[in-house]
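Asker: Let's see this in three dimensions:
(2 chains)
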Amino acid sequence: MDPGAPLRCVRDDVADGATARQIAMIAAFFERLNETQGLNFSVFYDAFDRSRFLTGLWTTSYICVVAILASLLLGLLGVWVAGSGSRLGRLLVRAYVQFFRNTPPLVQLSFFYFAVGGLLPTVSDGFGGQSPLVSGTGWAIIALSLFAGAFNVEIFRAGIEAVPSTTVEAAESLGYTRLQLYIHVVLPLAFRICLPALNNNLVNLVKTTTLAYAIGVPELLYAASQIWSESFNVREMMNVLLVTYVLLVAVLVFVMGRWERAMRIPGYST
Amino acid sequence: MASRHQLGEPVVVVAGVEKSFGSFKVLKDVGLIVRRGETVCIIGPSGSGKSTLLRCINGLVPISKGSITVAGREVNDPRLDKLSLRRDVGIVFQQYNLFPHKSALQNVMMAPIHVLKQDKAEVEERARRLLAKVGLSDKLASYPGELSGGQQQRVAIARSLAMNPKVMLFDEVTAALDPETKKEVLVTIQDLAAEGMTCILVTHEMGFAREVADHVYFTDGGLIVEHGPPAELFGAPREERTKAFLDKVL
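Answerer: Okay, the predicted model is just below:
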């Protein structure tokens, strides 16, 4: 991933016409606010601070999207293995869920970054230096996916158990194999049942991405702390940070809400 | 009334079947034969193992002892291809058990497409025909939650028929319905039987059994107490237990 890439697009957008004028007006307003009231929202008028903050926003969004998708996949894989006949598989999934559910995510993150990351070989970065095989962002994604995935296994399991056994029986007597049964009957119903719980977990995941700060991933909190330690505007940046997370979670909740409505079944209540 | 149909070879043969759940013996030495085109009703008090017997026939419940063959296949042979068995045996449940997230038409189309891998356009045409046959042409796009119990049950019958089964099992399919909707389902089954579909019904509808069945089995306590043509079994039961049961329900 190149966190710098999207910024260039943002600047390109900024460069054209009406948007540029609006941005300039907003910048002028915040610059004046700083001069007259001493409220320093540097991210709105200082190009350097803004680009740092947007890089953080992009990194956080990137970690969120990849970790959400990976954790959903892990959850599905987990219930699939746990539900298959294999005793070993069941045991492994149980161990995974227990481990990642019962240890603090910050410790997990540190474990992956410092303990596991330290064991991996480094690769040449093409400029004569050596860089780690997996970046801090990479480890954050891996650790957070595993963390949220453990909860997703439990959430999906609850959803699957809530699918009436009689519905499963009906599919079995129509000759469905276990895979077909899962794909066409059990998962579509289980998904609808567990969506509220899934929503909660994914919102939590978005908020937990701030822990990546601890291993130096340039996400939102990290970017904000860099800005406030140079511009001495801790109070302002805290507010910006909180509002940004509210908006970020609102986007997720909106998407999940749309999904939930799209999956609503006429005449069926769970 | 075997003369009503040109009866063919045996489709379902149950011999010496026993089934225990833990230490509780639900079926003790049960035997019956159902020939092609025949309609057989199984009656008896609750808990006599009627539904369990049906579930054993399509392999949903494994038997403890004895043998069940469907179209010449031993149901409890571990090497048996369960899919091919279930293709031949349709079952309709008391609680309909439709797929709630699919429309009536999709419910009927799903298994032939997913399980039999048949051509979608062909399946859809057949599904429309089957739903028309059970009188639901105007409900193709409705979801199960939007249908009455009787309508759902007729969709369930169409769903089973879409697999072109050799035998249809009906497990107390009208038990959850009110008298009005009950009738529409019973008429559907009666039409099927008249067309020569092999049917095994577990039922509490004595009037229906008497009218439609070619052969009636009375079960009690995991045993087949008595069986015979409906006129005989209902008109002149030989066993005391049959008499006592019929006195209570008729």
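Asker: Toward the C-terminus, what is the element adjacent to the helix or strand residue B:12 falls within?
Answerer: For residue B:12, the host element (DSSP states H and E) is strand B:10-21. Scanning forward in sequence from strand B:10-21 by DSSP H and E, the next helix or strand is strand B:24-35.
Asker: And that following strand, how far out from the chain middle?
Answerer: Offset of strand B:24-35 from its chain centre (Cα atoms, centre = their mean, to the nearest Å): 15 Å.
Asker: Partner strands of the helix or strand that comes right after that strand, with direction?
Answerer: Once the chain leaves strand B:24-35, the next helix or strand it forms, by DSSP H and E, is strand B:39-43. According to DSSP bridges, strand B:39-43 forms sheet pairs with strand B:198-202 (parallel), strand B:215-220 (parallel).
Asker: ok, back up a step: tell me which other helices or strands the strand holding residue B:12 touches.
Answerer: strand B:24-35, helix B:50-57, strand B:65-70, strand B:198-202 (3 or more Cβ pairs under 8 Å, 6 or more residues apart in numbering or on different chains; DSSP states H and E). In short, each C-beta sits where N, CA and C put it, glycine included.
Asker: Please work out the angle formed by the directions of the longest one and strand B:215-220.
Answerer: If I follow you right, that is strand B:24-35. For strand B:24-35 against strand B:215-220, the angle by axes from the mean of the first three to the mean of the last three Cα atoms, to 10 degrees is 170 degrees.
Asker: Pairing partners for strand B:24-35, with directions?
Answerer: When sheet partners are counted by DSSP bridges, strand B:24-35 sits next to strand B:10-21 (antiparallel).
Asker: And the third one, by the same measure?
Answerer: Here the strand partners of strand B:65-70, with direction, are listed using DSSP bridges: strand B:10-21 (antiparallel), strand B:73-74 (antiparallel).
Asker: closest one to residue B:144 among those strands?
Answerer: Among those, strand B:10-21 comes nearest to residue B:144, with 29.1 Å by Cβ to Cβ.
Asker: That closest one vs helix B:50-57, what angle?
Answerer: Using the same axes, to 10 degrees: strand B:10-21 against helix B:50-57 is 120 degrees.
Asker: Name the residues of strand B:10-21 that are buried.
Answerer: By 16 or more other Cβ atoms under 10 Å in any protein chain shown, the buried positions in strand B:10-21 come out as B:10, B:11, B:12, B:13, B:14, B:17, B:19.
Asker: Grab the nearest non-local neighbour of whichever residue of chain A sits closest to chain B.
Answerer: Closest residue of chain A to chain B, Cβ to the nearest Cβ: residue A:267 (2.5 Å). Once flanking residues are discounted, residue A:267 sits nearest to residue B:145: 2.5 Å by Cβ to Cβ, 6 or more residues apart in numbering or on different chains.
Asker: need the contact list for that neighbour.
Answerer: Each residue near residue B:145 by Cβ atoms under 8 Å, 6 or more residues apart in numbering or on different chains is listed here: A:265, A:266, A:267, A:268, A:269, B:100.
Asker: The residue of chain A closest to chain B reaches residue B:141, doesn't it?
Answerer: No: with contact defined as Cβ atoms under 8 Å, residue A:267 does not count as touching residue B:141 (12.0 Å).
Asker: any idea whether residue B:177 is helix, strand or coil?
Answerer: Judged by DSSP: H, G, I helix; E, B strand; the rest coil, the three-state class of residue B:177 is coil.
Asker: Look up how far residue A:264 lies from it.
Answerer: Using Cβ to Cβ, to the nearest Å, residue B:177 is found at 27 Å from residue A:264.
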